[in-house]
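Model the structure of this input:
(2 chains)
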Amino acid sequence: MTDPQPKAGETILRLNDIRKVYGDHVALGGVSLDVKRGEVVAIIGPSGSGKSTLLRCVNQLEVPDSGTLEVLGSNIDFAGRVSSADLLALRRKVGMVFQSFNLFPHMNVLRNVSFPQERVLGRSREEADKVSRDLLERVGLANKMENFPQKCSGGQQQRVAIARALALEPQIMLFDEPTSALDPELGLEVLAVMRRLADQGMTMVVVTHEIHFAAEVADRLIVMADGAIIEEGVPSELLAAPKTARAKQFLSAITDR
Amino acid sequence: MDHFLAILSAVPVTLLVTFAAFALGAVIALPLAGGRRSRFAVVRLLTKGVIDILRGVPPVVFVFILFFGVGSDLIRWEPLPAAIVGLGLISAGHLAEIYRGGLMAVHQGQFEASAALGLTSTTTFSRVIGPQAFRVAIPGMVTWLISLLKDSSIVSTIGVAEIMFVTSQGARSSGEGLLPFIIAGAVYIALGTPLAALSRWLEKKLSFGRRA
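Numbers count the residues shown, from 1 in each chain, chains lettered A, B, ... in the order given. Prediction:
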């Protein structure tokens, strides 16, 4: 995993007034969010609240209708057209982990992690494999390298996906409900890897339903509803005493189960 | 025995027509399949129209149009190129739809993961999407190849000296109606069976994950 970044405090991701509309449904109604280097931000909220859409706007899997995005010093204004060179540059700095893992089914675990390094960073196969082996060992998959994804459990696949993203040395990691498709037990393996990553100082934005993980690991908790951030704060404080009725209602719904 | 040897000597022509038409179709089908997925509605509609025409016209009609129609007025087509281009274009229509099915079988997440990793669209198609779509498309492609092998018999009507052409000639000159055609049928089966086996083998070999 990448070196810890000691100079916390500097804002490296800034979303400003991001709007996204599908037909007549407002997915994001002008959302702004700053993330500092080394910060772990957890986003929770009911489905349809726009939390995944917001996350996907960061690496342009969704193109906002308007607003600006600032990632590690480069600016993108969505009012104009975004060039594909800017897009690739942006995506190289930002790693993403999906709910459905999205490993490449025709490549074994090692190739899944090595292939993008060869293509994106121009590493040789030997260099890439060395990095991959190291990362896969760290996520506890040293003995799975030759397996194909479908021979791995969901938890293992998600850890491969994390290794694959980290191999490109991103400065920000996005997690889109990384444990939602997993049995609770398998989810724990993934959360353990994410916790270690946070401890090492990785900047992370995590959309999740894992309220305990958010409480323990996140520096900041954000509650979204109806395409807007309705509340944010230190997780322990926010969870103990949500200010808005909407947040209160949502939190009691997920903590009462 | 004479019939058998004569028919056997025509096998290379049948194989040439079949494989050349298949290869031509496989290449032309690529932009057609791409056009069906275009961002632009006009391109989608246009390629759909072309594919429907290619698939809707019977092979024999298509080959006749090329050989007699285009051949007499514009360019002088020899029977063999007319046969290969005619069957090749029809193949393009069918293979484009087979490719499209393969592409549709690839999970949307594969596109998203490739994009999120920063892979270029060329790399995404050649190394991530293409191989997965191809695996799904292979059984359909081999099925088409087998029917093309049999359909290639229609080009005997424009004078290409393939199996059916030689067989008819033999039958007429010897007066033995039945035997040459039975031999021809057997030869087609003998040619097609390994292809069917190849298809089953490939399907087994290439199936991974979802369908296994």
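
Give me the below-cutoff pLDDT ranges for the stretch 1-150 of chain A.
Applying pLDDT under 70 to the stretch 1-150 of chain A flags residues A:1-8.

Strands of chain A, start to end?
Counting by DSSP state E, chain A has strands at residues A:11-22, A:25-36, A:40-44, A:66-71, A:74-77, A:94-97, A:172-176, A:203-207, A:220-225, A:228-233.

what would the ones you listed look like in CSV with distance to chain B and mean neighbour count?
Where C-beta positions appear, they are placed from N, C-alpha and C, glycine not excepted. Below are those laid out as CSV (distance: least, Cβ to the nearest Cβ, whole Å; neighbours: other Cβ atoms under 10 Å in any protein chain shown):
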stretch, distance to chain B, mean neighbour count
strand A:11-22, 15, 18
strand A:25-36, 17, 18
strand A:40-44, 17, 25
strand A:66-71, 13, 18
strand A:74-77, 14, 14
strand A:94-97, 4, 26
strand A:172-176, 8, 24
strand A:203-207, 13, 25
strand A:220-225, 21, 24
strand A:228-233, 23, 17
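
Where is the longest helix in chain B?
Taking DSSP state H as the criterion, chain B has its longest helix at helix B:2-36.

quick one: stretch B:86-106 near chain A?
No. Shown here: stretch B:86-106 not in contact with chain A (Cβ under 8 Å from any Cβ of the partner chain), separated by at least 9.5 Å.

Of all the strands of chain A, which one is nearest B:Thr120?
Across these, B:Thr120 has its closest neighbour in strand A:94-97 (16.4 Å, Cβ to Cβ).

now the strands of chain A as CSV including distance to B:Met164?
Below are the strands of chain A laid out as CSV (distance: least, Cβ to Cβ, whole Å):
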stretch, distance to B:Met164
strand A:11-22, 57
strand A:25-36, 61
strand A:40-44, 68
strand A:66-71, 65
strand A:74-77, 63
strand A:94-97, 58
strand A:172-176, 59
strand A:203-207, 64
strand A:220-225, 69
strand A:228-233, 72
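
among those, which is nearest B:Ile189?
The closest of the strands of chain A to B:Ile189 is strand A:94-97. By Cβ to Cβ, the value is 53.0 Å.

Show me what that closest one is packed against.
If you count contacts as 3 or more Cβ pairs under 8 Å, 6 or more residues apart in numbering or on different chains; DSSP states H and E, strand A:94-97 packs onto helix A:154-166, strand A:172-176, helix B:108-117.

Number of residues surrounding B:Lys48?
Around B:Lys48 there are 15 other residues, counting by other Cβ atoms under 10 Å in any protein chain shown.

A:Lys243 now?
Applying other Cβ under 10 Å, we find 13 residues neighbouring A:Lys243.

now it, nearest residue through space, not along the chain?
Excluding the flanking residues, the one nearest A:Lys243 by Cβ to Cβ, 6 or more residues apart in numbering or on different chains is A:Glu231, at 6.0 Å.

sorry, back to before: export the helices and strands packed on strand A:94-97 as CSV, with columns for distance to B:Glu97.
As requested, the helices and strands packed on strand A:94-97 are exported to CSV (distance: least, Cβ to Cβ, whole Å):
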stretch, distance to B:Glu97
helix A:154-166, 32
strand A:172-176, 34
helix B:108-117, 20
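
Just grab the bridge partners of A:Val71 for me.
In this entry, A:Val71 is beta-bridged to A:Leu13, A:Ser74, by DSSP bridges.

so what's it up against?
A:Val71 makes contacts with A:Ile12, A:Leu13, A:Arg14, A:Val58, A:Leu90, A:Lys93, A:Val94, A:Ile172, as judged by Cβ atoms under 8 Å, 6 or more residues apart in numbering or on different chains.

could you measure the fifth one against A:Glu237, distance?
Taking Cβ to Cβ, to the nearest Å as the measure, A:Leu90 falls 33 Å from A:Glu237.

Between those two, point out the one with more neighbours.
Ranked by neighbour count (other Cβ under 10 Å), A:Leu90 and A:Glu237 place A:Leu90 first, with 19 against 11.

so who does that one touch?
Shown in contact with A:Leu90 (Cβ under 8 Å, 6+ apart): A:Asn59, A:Gln60, A:Val71, A:Ser74, A:Ile76.

ok, 10 Å please
A:Leu90 is in contact with A:Val58, A:Asn59, A:Gln60, A:Leu69, A:Val71, A:Leu72, A:Ser74, A:Ile76, A:Val82, B:Gly118, counting by Cβ atoms under 10 Å, 6 or more residues apart in numbering or on different chains.

Please apply the same query to B:Trp77.
B:Leu66, B:Phe67, B:Phe68, B:Gly69, B:Val70, B:Gly71, B:Ala83, B:Val85, B:Gly86, B:Ile158.

gap between it and chain A?
The gap separating B:Trp77 from chain A is 42 Å, by Cβ to the nearest Cβ, to the nearest Å.

Verify the assumption that that residue is located in a strand.
No. Under DSSP: H, G, I helix; E, B strand; the rest coil, B:Trp77 sits outside any strand and is assigned coil.

What does the pLDDT read for it?
At B:Trp77, the pLDDT value in this model is 79.

Is it possible to mark the buried ones in the contacts of B:Trp77?
If you count burial by 16 or more other Cβ atoms under 10 Å in any protein chain shown, the buried members of the contacts of B:Trp77 come out as B:Leu66, B:Phe67, B:Gly71, B:Ala83, B:Val85, B:Gly86, B:Ile158.

Out of those, which is nearest to A:Ile43?
Nearest to A:Ile43 among the buried ones among the contacts of B:Trp77 is B:Val85, at 57.9 Å by Cβ to Cβ.

For the stretch 101-250 of chain A, what lies in contact range of chain B?
The interface of the stretch 101-250 of chain A toward chain B, taken as Cβ under 10 Å from any Cβ of the partner chain, is made up of A:101-107, A:112, A:115-121, A:148-151, A:161, A:164-165, A:167-168, A:170, A:174, A:176.

phi, psi of A:Ala181?
phi -90, psi 10 (degrees, to the nearest 10).

Nearest residue to it in space, please, no chain neighbours.
Leaving aside its sequence neighbours, A:Ala181 sits nearest to A:Gln99 (Cβ to Cβ, 6+ apart; 5.3 Å).

Same check on B:Val187?
Ranked by Cβ to Cβ, 6+ apart and with sequence neighbours excluded, the top spatial neighbour of B:Val187 is B:Ile7, at 5.7 Å.

and the one you found, what does it touch?
Residues near B:Ile7 by Cβ under 10 Å, 6+ apart: B:14, B:162-164, B:166-167, B:170, B:180-181, B:183-184, B:186-188.

Let me see the ranges of the helices in the stretch 1-150 of chain A.
Ranges of helices in the stretch 1-150 of chain A, per DSSP state H, counting those that start in this stretch, are A:51-58, A:84-93, A:109-116, A:125-138.

Perfect, that will be all.
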